[in-house]
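Asks: build me a structure from this.
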Amino acid sequence: MALTEGSDGKLRCFGGSPGKEFYGVYHDEEWGVPVHDDRLLFEMLILEGAQAGLSWETILKKREGYRAAFHGFDIARVAAMTDEELETLREDPGIVRNRLKIYSTRKNALAFIAMQKEYGSFDAWLWGHVDGQPVVSRPKSFAELPASTPLSDTISKALKKRGMSFVGTTIIYAYLQATGVVNDHIKGCHRYPG
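Replies: Below you'll find the predicted structure:
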C-alpha cells in the first residue's frame with residue numbers, strides 16, 4: 001500500500017483522493033490526534049468494534065447513523081438502552097445491523113461507566129498505559145505497521161476481563177491509532193511527526 005495523493009496535492013496514509021475526501025478529512029483531523037474526551041473515546045471504541053470484518057471507510061460512512069442510533073454516544077443513555085430499543089436497531093440501515101455488535105454497545109457502555117467510577121475517567125485509565133504521552137513510531141512504510149503490539153494486547157485483555165466485547169488486540173491497536181495513543185503516520189505523509 002502506498003501513500004495517497006489527495007485532490008489537494010497532499011500525501012496521506014489514506015484518503016483524500018477524489019470521492020474519498022471525507023476519508024482524507026478523518027486522516028488529517030482525527031487519526032493519530034490525541035483524544036482525552038471520554039464521550040469521543042467511547043464513540044471510537046464502539047466504531048472500531050463495529051468495523052470488525054469490514055472496512056474503516058464503511059464505518060466512517062455510517063458514523064452519523066451510529067450517532068443517531070446511540071444517542072450521540074451519551075454513555076449513560078447507551079447503558080440504559082432496553083433490549084427492545086436494541087432489537088429495533090437491527091432494522092436500522094444507518095448502522096451495521098449485526099446483533100452481537102449492537103448489544104455489545106450497551107455491554108461496553110456499562111463496563112466503560114464502571115471504569116470511569118474506578119479511575120475518575122476512562123481517559124485516565126487508557127492514557128495511564130503510556131504515561132500520558134503518545135507512542136510515536138515514525139514508520140517508514142506500511143510494512144512496518146503491526147496489527148497488534150504488547151500495548152494493544154494488554155489493553156485488550158484488560159477490557160475483556162471487564163466484560164467488554166469486540167475489543168480484540170487488532171481492534172484495540174486500530175483504536176489506539178484512531179485516538180492518538182499511537183501515532184503511526186507514515187514517512188512522506190504530510191502529518192508525519194517531524
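
Asks: so which elements touch the longest helix seen in the chain?
Replies: The longest helix of the chain (DSSP state H) is helix 99-119. Applying 3 or more C-beta pairs under 8 Å, 6 or more residues apart in numbering; DSSP states H and E, we find helix 99-119 packed against helix 38-51, helix 75-79, helix 83-88, helix 122-128. Where you see a C-beta, it was placed from the backbone N, CA and C, and this is true even at glycine.

Asks: contact partners of the shortest one?
Replies: Helix 75-79 has contacts (C-beta atoms under 8 Å, 6 or more residues apart in numbering) with D38, R39, F42, F70, H71, T105, R106, A109, L110, F112, I113, Q116.

Asks: got it, and the first one?
Replies: Contacts of helix 38-51 with the rest of the structure, by C-beta under 8 Å, 6+ apart, involve 35, 58-59, 62-63, 66-67, 70, 72-75, 78, 95-96, 98, 101, 104-105, 108-109, 112, 116, 121-123, 126, 165-167, 171-172, 174-175, 178-179.

Asks: cool, and the third one?
Replies: When contacts are taken as C-beta under 8 Å, 6+ apart, the neighbours of helix 83-88 outside the stretch itself are I102, Y103, T105, R106.

Asks: what about the spatially closest residue to the second one that is not a sequence neighbour, how many residues nearby?
Replies: The one in question is Y103. Distances taken as C-beta to C-beta, 6 or more residues apart in numbering put L86 closest to Y103, at 5.7 Å, once the chain neighbours are dropped. For L86, the neighbour count with other C-beta atoms under 10 Å is 18.

Asks: what about the lowest-mean-pLDDT helix or strand in the chain, distance to the chain center?
Replies: Least confident helix or strand of the chain, by mean pLDDT, DSSP states H and E, is strand 4-5 with a mean of 88. When distances are taken as C-alpha atoms, centre = their mean, to the nearest Å, strand 4-5 is centred 23 Å away from the chain's centroid.

Asks: right, I'll call it a day here.
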